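**Q** Kindly generate the corresponding structure for this input.
(one chain, ligands or ions: 1)
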Amino acid sequence: MTKIPFFDLHRQFEALRTEILNDLAQVCESQTFILGPKVAELEEQVASFSGAKFGIGTSSGTDAQLLLLMALGIGPGDAVITTPFTFFATASTVVRVGAKPLFVDIDPETLNFSVAKLEEFLTTECVADESGVRTRDGLNVRAVIPVHLFGLCSDLAGLRWLCDQWKLILIEDAAQALGALFPDGDRQVKAGSVGAAGFFSFYPTKNLGAFGDAGLVVTSDPDLAKKLQVMRNHGMDPKYYHEVVGGNFRMDALQAAVLLRKFGHLESWSKRRWSIAQRYQSGLKELAIGLPVEPYHKTCGWRGHIYHQFVIRTSRRDQLRTALNEQGIGTEIYYPLPLHEQPCFQNLGYATGDFPVAEQTAKECVALPIFPELTDDEQALVILRVQEFFAS
Ligand SMILES: Cc1ncc(COP(=O)(O)O)c(C=O)c1O
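**A** From the prediction side, this is the model:
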């Protein structure tokens with residue numbers, strides 16, 4: 001039986017083996033392992049690619065968000081609004097700084113934060129005056145964190161407008177969306193560049209993946225950038241003098257070397273992901289399943305969605321997964337349990353039924369293999385097997 005993996009990092013490594021091993025050897029020769037020129041070069045390249053002025057490399061995407069919340073002074077007594085349908089870190093970092101995550105349900109089409117529901121939440125559940133926005137129980141609502149889930153930008157225009165109206169900080173969780181585009185009038189803007197700051201994850205399976213953990217914050221605010229640089233290194237400035245408490249959120253030079261080498265391929269990998277997605281879209285469109293929304297932006301054409309994942313929805317999700325697994329085809333579920341139903345968040349005061357779209361999606365979603373090195377023959381077989389399943 002032909003096995004088709006959900007994801008295969010070996011193929012990418014084989015294609016770049018010589019260059020990457022040379023780059024890693026250079027770092028070893030330099031014996032400079034923490035921050036340094038490779039990290040600085042990556043920061044500059046990712047910031048400029050994303051349309052932001054500054055990049056601050058970090059030890060992971062989670063640490064990028066934690067650092068950002070710390071630098072923005074978000075803490076006890078504060079609340080941050082986000083989506084319940086995302087990776088755990090989006091909300092856990094809010095809890096770790098002592099603030100409370102408040103959830104707003106997702107849009108059933110895009111699976112991203114619903115701007116309409118966010119507006120409804122702000123108007124019905126919050127009050128605003130000169131000193132800021134507060135919840136009924138007196139928490140200061142400080143920020144909104146949309147997640148550009150699976151590589152599709154949230155409605156950044158709507159979010160920026162709402163955040164401006166309510167004077168809330170917009171932070172983009174672009175962990176899965178490096179390079180995703182959103183139309184802004186005649187221009188196209190990149191994920192991460194619209195909010196006060198955005199952050200990326202370079203977890204190995206991301207579209208740009210390190211050989212371990214790494215992340216990066218982008219911002220165009222020079223004061224925030226300076227604060228982030230200092231706080232990622234224990235708030236130390238100058239050496240061994242600490243005006244603020246930061247942490248060790250630094251990026252390793254070895255990770256930066258790998259990321260810089262791979263970065264040169266990102267655009268062509270994104271194109272390949274998109275063409276795989278197009279084949280799924282046309283091969284599966286006759287089936288009674290939910291397919292990813294295909295944004296067509298006049299300004300940016302196909303490149304809006306960078307297809308970190310290709311997630312379909314069906315009420316027969318578990319049976320489909322079993323059938324594909326029996327035929328050697330790997331799949332994954334992002335995410336099986338929305339955040340408000342996670343055991344560790346029970347003290348937030350939510351109950352099952354509070355976010356019906358997120359709850360339903362968690363029961364129906366399944367991700368099919370999508371990575372640049374997936375071959376056409378492999379993908380054709382995945383499509384055939386899915387078609388056969390629904391014909392049965
Ligand atoms: C939406 C989202 N936010 C945050 C993170 C955290 O990134 P990292 O795994 O690099 O810590 C991830 C990683 O999977 C993610 O998908």
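**Q** so where's the stretch 151-300 of the chain uncertain?
**A** Within the stretch 151-300 of the chain, the segments meeting pLDDT under 70 span 296-300.
**Q** what's the spacing between residue 358 and residue 149?
**A** From residue 358 over to residue 149 the distance is 11 Å, taken as CB to CB, to the nearest Å. Backbone N, C-alpha and C define where each C-beta goes, glycine included.
**Q** joint contacts of these two?
**A** Jointly contacting residue 358 and residue 149 under the rule CB atoms under 8 Å, 6 or more residues apart in numbering are 83, 85.
**Q** So which of those two has more stuff around it?
**A** residue 149 (28 against 24; other CB atoms under 10 Å).
**Q** If you count neighbours, what's buried in the helix ranked longest in the chain?
**A** Counting residues, the longest helix found in the chain (DSSP state H) is helix 9-30. Under the neighbour-count criterion of 16 or more other CB atoms under 10 Å, helix 9-30 has 12, 20, 23, 24, 27 buried.
**Q** ok, then the element right after it?
**A** Next in sequence after helix 9-30, counting helices and strands by DSSP states H and E, comes helix 37-50.
**Q** what's the burial count for the nearest residue to residue 173 once chain neighbours are set aside?
**A** Excluding its sequence neighbours, the residue lying closest to residue 173 (CB to CB, 6 or more residues apart in numbering) is residue 147, at 4.2 Å. Residue 147 sits with 24 neighbouring residues when counted by other CB under 10 Å.
**Q** Kindly report the same for residue 62.
**A** 23.
**Q** tell me the contacts of it?
**A** With contact taken as CB under 8 Å, 6+ apart, residue 62 is in contact with 89, 92, 93, 201, 215.
**Q** Just among those, which is most surrounded?
**A** Compared across the contacts of residue 62, residue 201 has the highest neighbour count, 31 neighbours, by other CB under 10 Å.
**Q** mind checking how far that residue is from residue 22?
**A** For residue 201, the distance to residue 22 equals 26 Å [CB to CB].
**Q** Kindly report the same for residue 379.
**A** 32 Å.
**Q** for residue 203, same thing?
**A** Taken as CB to CB, the span from residue 203 to residue 22 is 24 Å.
**Q** what ranges do the strands span in the stretch 51-200 of the chain?
**A** Remark: strands assigned in the stretch 51-200 of the chain by DSSP state E, counting those that start in this stretch are 54-58, 78-82, 100-103, 126-129, 132-135, 140-145, 169-173, 181-184, 187-190, 197-201.
**Q** Residue 263 and residue 42 touch, don't they?
**A** Yes - counting by CB atoms under 8 Å, residue 42 is a contact partner of residue 263 at 7.2 Å.
**Q** Can you list the neighbours in contact with stretch 200-207?
**A** By CB under 8 Å, 6+ apart, the residues outside stretch 200-207 that reach it are 7, 9, 46, 60-62, 64, 151, 174-179, 192, 208-216, 218, 255, 259, 266, 269-270, 273, 306, 308.
**Q** Could you list which of those also contact the ligand?
**A** Among the contacts of stretch 200-207, proximity to the ligand is found for 60, 61, 62, 175, 176, 213, 215 (CB under 6 Å from any ligand atom).
**Q** which ones are touching the last one?
**A** So that's residue 215. Neighbour list for residue 215: 57-65, 175, 199-202, 251 [criterion: CB under 8 Å, 6+ apart].
**Q** Those residues of the stretch 201-350 of the chain touching the ligand, which are they?
**A** Listed as neighbours of the ligand in the stretch 201-350 of the chain under the rule CB under 6 Å from any ligand atom: 201, 203, 213, 215.
**Q** Just send these back as JSON lines, with secondary structure too.
**A** Listed next are those as JSON lines, based on DSSP: H, G, I helix; E, B strand; the rest coil:
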{"residue": "201", "secondary structure": "strand"}
{"residue": "203", "secondary structure": "coil"}
{"residue": "213", "secondary structure": "coil"}
{"residue": "215", "secondary structure": "strand"}
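**Q** The ligand: which of these is nearest?
**A** residue 201 (3.2 Å; CB to the nearest ligand atom).
**Q** Burial check on the residue nearest to that closest one when sequence neighbours are not counted, number of neighbours?
**A** Once flanking residues are discounted, residue 201 sits nearest to residue 61: 2.7 Å by CB to CB, 6+ apart. Neighbour count for residue 61, taken as other CB under 10 Å: 27.
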